[in-house]
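Undergrad: Predicted model follows, preceded by the sequence.
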Amino acid sequence: MLTRILTGLVGIPIVVWLLHSGGMLFNAAVFVLAAIGWLEFYNMAKNKGYNVFYFSSGIMTLVLVGSLMYLDDSIYTLYSLPLFLVVTIIAILLEGLHKHCKGNLVENVGLSVMAVLYIGILFFHFGLLRQLPFKPVVLGSFVLEGGECFFWLIMLGTWASDTFAYFVGCAVGKRKLCPNVSPNKSVEGAVAGFIGCLAVMVYLGVQVLDMAVLQAAALGLCVAVFAPLGDLVESILKRSFGVKDSGKIFPGHGGVLDRCDSLLFAIPLGYYVLVFSVLLTRTH
């Protein structure tokens, strides 16, 4: 427990600084997280005898996330992302063809594609969310960019979900949620996490960020549902690969995928809720 607390005391100020700085510094941090996350995925698969392709999967993941430092979101969301996916999938299949004699062809190709989608595409949206061109928010003497505010809102909602679920689950949790995937999670905790996340996000969204109630509720519902599902997906991945943690880079907390599992679902989906809600507002 002491190790977890010390890691948090060191890590939280760094996260605040990087998120507030934004720009190339923030995108470089996302690039590092994605690189470590991909390596964790590679090592977990290797633990079961599978081979996630370095060239087509690893390099293309880094190319995608690294490009955030040079290109804006409009280019990718309209044109380049579909092209990137086509090139990546063909490259993975061709590398699989080249390595077909080494066995586990279908599994290796499937895991290589999954690594790009699960790590590359989802981490890519961290940068897209941070650079959303929404109006700045003034909090006392601080001026926060719009993308920074919504990134914080989704992170706080995710943390609220985890916190409410943990404490209520420990106090009154009796019915197991998914015993074969995560035996410590309870139905009572999941319900508390859902309500706590939704309440926190609607309150902060409306009162602090001046969001419309429906927009804040839609974003809150998205995070309340999908943040815990991201946690469960990463848990089943670890069970499938026969490992306890995805890595050890954060003492007491595990690896990058362990720390970002909920955010990997919440941030990309939250990004699209925000974008589409703005588009719908403009068309009415």
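TA: Nice, thanks for sending it over. Numbers count the residues shown, from 1 in each chain.
Undergrad: where does the stretch 51-200 of the chain have low pLDDT?
TA: For the stretch 51-200 of the chain, residues meeting the criterion pLDDT under 70 lie at 71-79.
Undergrad: Okay, now stretch 171-187: how far is its last residue from its first?
TA: 12 Å (CA to CA, to the nearest Å).
Undergrad: Check the offset of that stretch from the chain's centre.
TA: The chain centre lies 23 Å from the centre of stretch 171-187; the measure is CA atoms, centre = their mean, to the nearest Å.
Undergrad: Stretch 30-37 too?
TA: Using CA atoms, centre = their mean, the offset of stretch 30-37 from its chain centre is 11 Å.
Undergrad: I'd guessed Glu145 sits against Leu19; true?
TA: No: counting by CB atoms under 8 Å, Glu145 stays clear of Leu19, with 9.8 Å between them. The C-beta positions use only the backbone N, C-alpha and C, and glycine is treated the same way.
Undergrad: Other residues contacting the lengthiest strand in the chain?
TA: Longest strand in the chain, counting residues (DSSP state E): strand 182-186. Residues from elsewhere that reach strand 182-186 (CB atoms under 8 Å, 6 or more residues apart in numbering): Ala165, Gly169, Gly173, Lys174, Arg175, Lys176, Leu177, Cys178, Asp231, Leu232, Ser235.
Undergrad: Just the ones in strands from those, please.
TA: Using DSSP E, these in strands are Lys176, Leu177, Cys178.
Undergrad: Any idea how many residues pack against the first one?
TA: Read that as Lys176. 14 (other CB atoms under 10 Å).
Undergrad: Ok, the last one next?
TA: Around Cys178 there are 14 other residues, counting by other CB under 10 Å.
Undergrad: Packing partners of the lengthiest helix in the chain?
TA: If you go by DSSP state H, the chain has its longest helix at helix 213-241. Counting contacts by 3 or more CB pairs under 8 Å, 6 or more residues apart in numbering; DSSP states H and E, helix 213-241 packs against helix 23-47, helix 146-172, strand 182-186, helix 187-207, helix 256-282.
Undergrad: Of these, which is nearest Leu129?
TA: Leu129 lies closest to helix 256-282 among the helices and strands packed on helix 213-241, at 4.6 Å (CB to CB).
Undergrad: which helices and strands sit right next to that closest one?
TA: Short answer (3+ CB pairs under 8 Å, 6+ apart): helix 256-282 packs on helix 23-47, helix 122-130, helix 146-172, helix 213-241.
Undergrad: buried residues in that helix?
TA: Across helix 256-282, burial judged by 16 or more other CB atoms under 10 Å covers 256-271, 273-274, 277.
Undergrad: The residue lying closest to Tyr166 once chain neighbours are set aside - how many residues pack around it?
TA: Counting by CB to CB, 6 or more residues apart in numbering, Tyr166 lies nearest to Gly189, which is 6.8 Å off, once chain neighbours are set aside. Counted with other CB under 10 Å, the neighbours of Gly189 add up to 25.
Undergrad: right, and Gly189 touches Ala165 too?
TA: Yes: with contacts counted by CB under 8 Å, Gly189 reaches Ala165, the gap being 4.0 Å.
Undergrad: hang on, the earlier thing: generate CSV for the ones in strands among the contacts of strand 182-186, with distance to Leu122 as supplementary columns.
TA: Shown next, in CSV, are the ones in strands among the contacts of strand 182-186 (distance: CB to CB, whole Å):
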residue, distance to Leu122
Lys176, 28
Leu177, 23
Cys178, 21
